[in-house]
Every structure is written in structure tokens, then in C-alpha cells.
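Asker: compute the structure for the input listed below.
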Amino acid sequence: MMIVLWIILALVVIWVAVILVRAAMFNPRPEMTPSEEKIELEEEKIVSDMQQMIRCKTISYYDDSLIDKAEFKKFQDLLPQLFPQVHTTCERQFIGVNGMLYHWKGKGNADPVVLMSHYDVVPVEEAQWEKDPFGAEVVDGVLWGRGTLDTKGTLCGIMEAAEKLIGDGFVPEQDIYFAFSGQEEINGPSCPAIVEWFEEHHIHPAMVVDEGGAVVENVFPGVTRECALIGIAEKGLENIELHARSRGGHASTPPVHTIVGELAAAVTAIEKHPFPRQLTKPVKEMLDILGRHSGFVYKILFANLWCFEWLFDIVCKKTGGELNAMLRTTCAVTKMEGSKSFNVLPPKASVGMNLRLIGMDTTESARAYLEKVIDNPNIDVTIFEGRNPSVNSDISCEEWNRLCQVVTDTWPGALVSPYLMMACSDSWYYCRITDRVYKFSAMKLSKEERGMIHGNNERIPVKTLVKAVEFYVRLMKKC
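Answerer: Residues are numbered from 1 along each chain as shown. You can find the predicted model right below:
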């Protein structure tokens, strides 16, 4: 018996030793050295141009009758006025409903680079804004307006950079395309039409850069440095509806279980049984890179996920938010409909939920999982719309290294890392023509600023906007 105890003790000691040694050896990877190149930009012009773009009320609605198409035309006609050299040098064509594709011819015939953005914005509740959402006021060095962050700011960065470089006589080594959609916020067909155009012309981009990650602080346990997170994949999207029916009737004589009560029980079951965790490649890469810069206690965890993944999962589930979302398919209940009157039992009721799919989950497998969890034949689980998670982009190629170097040059000292994008973007469509789709918004954003995206009082510091232009200047010079 004592021998067995000594063996168990020895195994425990060995296990602890392995854990601690792995943590001690979990050292940071070599980092790129930032360049010393200075980029001179015209801040006054950049701000003025951005203000005029913000004043175009390019609001997207799912109801087409609500869209003011004249505002979209106004924006399209504005660009040649603001960026005359771009429009003299680059060919512009309109694709789809309101997509714009610019072609900047390079010196060679290598695969081109595609820089993306969208110029439509989500609706606003003007009464809840402190400033006019389309007034484009600059107050204390901050530019206010819908679209400053999502994503007229990056569109401005692309066009300002191209205008400057063309004015300087620069010609890229390979072709560059600027792909701008005016329907991203409603998952419209303009971007898919642009991708189809590339397919029809047998063009396979060497790299696609779209909105996504940003330069952020205090987002990773134990890491005090700024982190530049570049999305190399994005989660899928699925809207699901739960439907239940009854004979209706007067509320004074209700059944033991109303259909609203059954739907409520279904929602409770779903929230008590979250989707199983999946440690995807983007998240593994992020944990491996950033975890090496955390404190020793955190290193014990991140250096030994083979052993502590379950513990990390518990922490993520209890924390919720982004930590939880990067490990599993999430399900948020967003809509409920029942009777129109207090004293009438509804003949039908429904619950709507938004899922963000991860890894190996698909629209069909997620629906099947919910049916199993609900376990109620009286409730119909139907897919309203959806698309599966994107594939993972390559991070072993020269294009990835080039992008990381540009980020390092623009934000020296920031840790550059892949990550999994939680939201959806138009760049999802490009994954069928290239495996080098990178999601980076080229801005340093605080937690408060990230919360303004699709929210009230959206605004951008002027210095952040100018920095975005600097990023695109550097990126185009490496194309």
C-alpha cells in the first residue's frame, strides 16, 4: 500500500514539475522591429474630407422603401471631388446595387491586394445623441458622427492614402483594388456581386484587408501592453425562430402550460446548456502569443491548456462576453412575440434568437443541438437565415508577415496577434477566392469607443483617424 502511495506522490510531483517547467519556458516569441520611417500627412484635409463623408446619410434599412438612395448617390459623387487624383489614375466601376470597385494598376502581374470598407451605416436614435449624428462636429479634437468608426473612417483612410501616394508619384508593385459596399449593414448583395466579378475575371487576391480587429488595451488576462488583434477568421451567423401554436382562447381559463410558458422553458433550457467549447486555430494562436506576455500564474494556465482547458472554459463561461464568445457558439434571445392583448391566449407565439457559430458548428448542426436541448415536440425550431463560420486564413505566408510589419511600424510596441472575429463582415465572401483574408480596422480603440459602434454618440479622435491613413500609406507602399 505504501508503495502505491509513493508512486502516486511521485507522479503528482512529476506532473507539478512538468506544469511549472512548461510555464517557465513559455517565453515571448521574437518581435518585429518597427521602422523609423516618418509619414507626413495633411490633417486638416483628412478631417475636412471625413466630415463631408459623414454628412451623407447613407443609412441602410432592411426595408428598401426606407432607404434614401439620393444620399448614397451623393456619397458616390462626392468621392471624385475629394480625391481627384485617385479618380484620374484608378478605374471605378459600380457593381451590384451600390458597390464600388476601384482598380489601381501596378507595375507587375502578380495577384492583387484588395482593401475593403463599407460606406453604409446603421440607423440612429437622434434623440439619444449628444451631437447631431450627421453634423460631423469636431469638439476637443474628436470628430462626431455615425460611421466614423464603422466604417467610413477606414474608407477615408484608404482613399486619403491613395490620393497622397498618387500625388507623390508612387506606383504599386502589383495591382490594388478598393472594394466598397453600401449594403454591408444589411448583408446585401453588393459585396457578393464584387466577389463574383473577381471570380469571373479569374482574379485570386494575394491578400484582402477588411474591418475587424483593432489596437486595444486590457483585453487579455495579465497583459499590460497594447495588443493589435488581426482577425484571421470570423464566426458564422444564424437567426433562428422558435414557434409554438395553440387553440387560443380566453385568458380566464388557461391551460396548465401556455405556449408562452413552454417557449420560456425552452429559452431557460438553452441558457442552462450552452454550446460545447471549441478551441479553434485563431484562439489557440492568440493564447499562445499573448499568453507568453502574461504573469507567471496565467502562464501556468496558457502554457498547459492540454491540461487546464476545462478550467479556462469555466472561467470563460462565468465571465461571459468576449471571453465566452471566443470558445463557443453563442445564442442570444432577442425577440419575443405573443398575444396582442392581456386577456387573450395567443394562438401562436415565437421567440427569435441570434447565434454566432464557431469552428465545426454549422447552421444545421446548431439547429439540431437546440432541438435536442429544448426536447419539446410542440416547439418548431426553424432557420430564418444563416451562414457558416469562415475558413481560417493563412498566417505562414509573406502577406501575413507584411501586414504584421505594417502594424508594428504604425503602432510600435503593440503585440500583434491573430484572433477570432466575433461579428460578421463582408470579407466572409472573399474566403472562397483566397485564404488570405485579414480583418483589421486600423484604429486604436478604447473599450468605450468599441461600444459606440452601432451605438449612440459614435465618434473618433482626429489623431486616430490620421493614424488610420498612415497605416494604409504604409500598407500600399508594401504592395
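Asker: tell me what the least confident helix or strand in the chain by mean pLDDT is packed against?
Answerer: Lowest mean confidence among the helices and strands of the chain (mean pLDDT, DSSP states H and E): strand 249-250, at a mean of 75. If contacts are counted by 3 or more Cβ pairs under 8 Å, 6 or more residues apart in numbering; DSSP states H and E, strand 249-250 sits against strand 344-345. (Glycine included, C-beta is placed from N, CA and C.)
Asker: give the contact list for the closest residue in space to V171 that isn't next to it in sequence.
Answerer: The shortest distance from V171 to any non-neighbouring residue, by Cβ to Cβ, 6 or more residues apart in numbering, is to K107 (5.8 Å). Neighbour list for K107: V171, P172, E173, Q174 [criterion: Cβ atoms under 8 Å, 6 or more residues apart in numbering].
Asker: tell me if I am right that the third one is in a strand.
Answerer: No: with DSSP: H, G, I helix; E, B strand; the rest coil as the criterion, E173 is located in coil rather than a strand.
Asker: residue contacts, it?
Answerer: Counting by Cβ under 8 Å, 6+ apart, E173 touches G106, K107, G108, A110, C479.
Asker: ok, and what's touching the helix or strand harbouring P80?
Answerer: Per DSSP states H and E, P80 falls inside helix 69-82. Applying Cβ under 8 Å, 6+ apart, the external contacts of helix 69-82 come out as 49, 52-53, 56-59, 86-87, 94, 98, 100, 119-120, 159, 182.
Asker: sec struct for L287, please.
Answerer: Assignment for L287 (three-state DSSP): helix.
Asker: my bad, should have said P274
Answerer: coil.
Asker: save the contacts of K107 as TSV, and put in pLDDT and distance to E470 too.
Answerer: Rendered in TSV, the data for the contacts of K107 read as follows (pLDDT from 0 to 100; distance: Cβ to Cβ, whole Å):
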residue	pLDDT	distance to E470
V171	97	20
P172	98	17
E173	96	20
Q174	96	21
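Asker: picking that back up, distance of the residue nearest to V171 relative to E173?
Answerer: 5 Å (Cβ to Cβ, to the nearest Å).
Asker: looking at neighbours, which among the contacts of K107 is most surrounded?
Answerer: The most neighbours of any of these, using other Cβ atoms under 10 Å, belong to P172, which has 19 neighbours.
Asker: which residues sit in contact with that residue?
Answerer: W104, G106, K107, V113, M476, C479.
Asker: try 10 Å
Answerer: The contact partners of P172, by Cβ atoms under 10 Å, 6 or more residues apart in numbering, come to 104-108, 112-113, 162, 165, 476-479.
Asker: so R22 sits against F296, correct?
Answerer: No: using Cβ atoms under 10 Å as the test, R22 is too far from F296 to be in contact (11.6 Å).
Asker: who has more neighbours, these two?
Answerer: R22 (16 against 12).
Asker: ok, so of the contacts of P172, who is nearest E271?
Answerer: In terms of Cβ to Cβ, no member of the contacts of P172 lies closer to E271 than V113, at 43.3 Å.
Asker: tell me who's in contact with the closest one.
Answerer: Taking Cβ under 10 Å, 6+ apart as the test, what V113 contacts is 104, 106, 172-178, 205-209, 399, 402-403, 436, 475-476, 478-479.
Asker: just the CA trace of the helix holding P80, in PDB.
Answerer: Extracted as PDB, the C-alpha positions of helix 69-82 are listed here (Å, rounded to 0.1, in the frame of the first residue of the first chain):
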ATOM      1  CA  LYS A  69     -30.900  56.400 -52.400                       C
ATOM      2  CA  ALA A  70     -30.200  60.100 -53.100                       C
ATOM      3  CA  GLU A  71     -27.800  60.100 -50.100                       C
ATOM      4  CA  PHE A  72     -25.900  57.100 -51.500                       C
ATOM      5  CA  LYS A  73     -25.600  58.900 -54.800                       C
ATOM      6  CA  LYS A  74     -24.500  62.000 -53.000                       C
ATOM      7  CA  PHE A  75     -21.700  60.000 -51.400                       C
ATOM      8  CA  GLN A  76     -20.600  58.400 -54.700                       C
ATOM      9  CA  ASP A  77     -20.500  61.800 -56.400                       C
ATOM     10  CA  LEU A  78     -18.600  63.300 -53.500                       C
ATOM     11  CA  LEU A  79     -15.600  61.000 -53.800                       C
ATOM     12  CA  PRO A  80     -14.200  62.300 -57.100                       C
ATOM     13  CA  GLN A  81     -14.400  65.800 -55.700                       C
ATOM     14  CA  LEU A  82     -12.400  64.900 -52.600                       C
END
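Asker: buried set for it?
Answerer: E71, F72, F75, Q76, L79, L82 (16 or more other Cβ atoms under 10 Å).
Asker: so for that helix, mean pLDDT?
Answerer: Across helix 69-82, the average pLDDT comes to 98.
Asker: same question, stretch 220-227
Answerer: 92.
Asker: Y177 contacts V114, doesn't it?
Answerer: Yes: assessed by Cβ under 10 Å, Y177 is found in contact with V114 at 4.7 Å.
Asker: how about S117, what does it touch?
Answerer: By Cβ under 10 Å, 6+ apart, the neighbours of S117 are 100, 150-159, 178-181, 184, 209-211, 426, 441-442.
Asker: derive a PyMOL selection command for the buried subset of those residues.
Answerer: A single PyMOL command selects the buried members of the contacts of S117 (16+ other Cβ under 10 Å):
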select buried, resi 100+150+151+152+153+154+155+156+157+158+159+178+179+180+181+184+209+210+211+426+441+442
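Asker: so what pLDDT did S190 get?
Answerer: Listed pLDDT for S190 reads 97.
Asker: same question for L66.
Answerer: 97.
Asker: any idea how far W306 lies from I358?
Answerer: 20 Å.
Asker: same drill for these two, tell me which one is more crowded.
Answerer: Taking other Cβ under 10 Å, W306 and I358 do not tie; I358 has more neighbours (28 against 7).
Asker: rewinding a little: and which of the contacts of helix 69-82 is nearest S446?
Answerer: Once Cβ to Cβ is applied, the member of the contacts of helix 69-82 that ends up nearest S446 is M53, at 22.8 Å.
Asker: now do the same contact list for that closest one.
Answerer: Going by Cβ under 10 Å, 6+ apart, the list of residues near M53 reads 75, 78-79, 82, 119, 136, 145, 147-148, 152-153, 155-156, 159.
Asker: how does this structure divide into domains?
Answerer: For the chain, the structural domains run 43-233+390-477, 236-387, going by automatic domain parsing.
Asker: how about the ones you listed, which one is nearest A17?
Answerer: Of the domains of the chain, nearest to A17 by Cβ to Cβ is domain 236-387, at 12.0 Å.
Asker: what lies in contact with the longest helix belonging to the chain?
Answerer: Ranked by residue count and defined by DSSP state H, the top helix of the chain is helix 2-24. The contact list for helix 2-24, computed with Cβ under 10 Å, 6+ apart, reads 291, 296-304, 306-308.
Asker: rewinding a little: filter the contacts of V113 down to the ones in helices?
Answerer: Those of these mapping onto helices are E399, R402, L403, L475, M476, per DSSP H.
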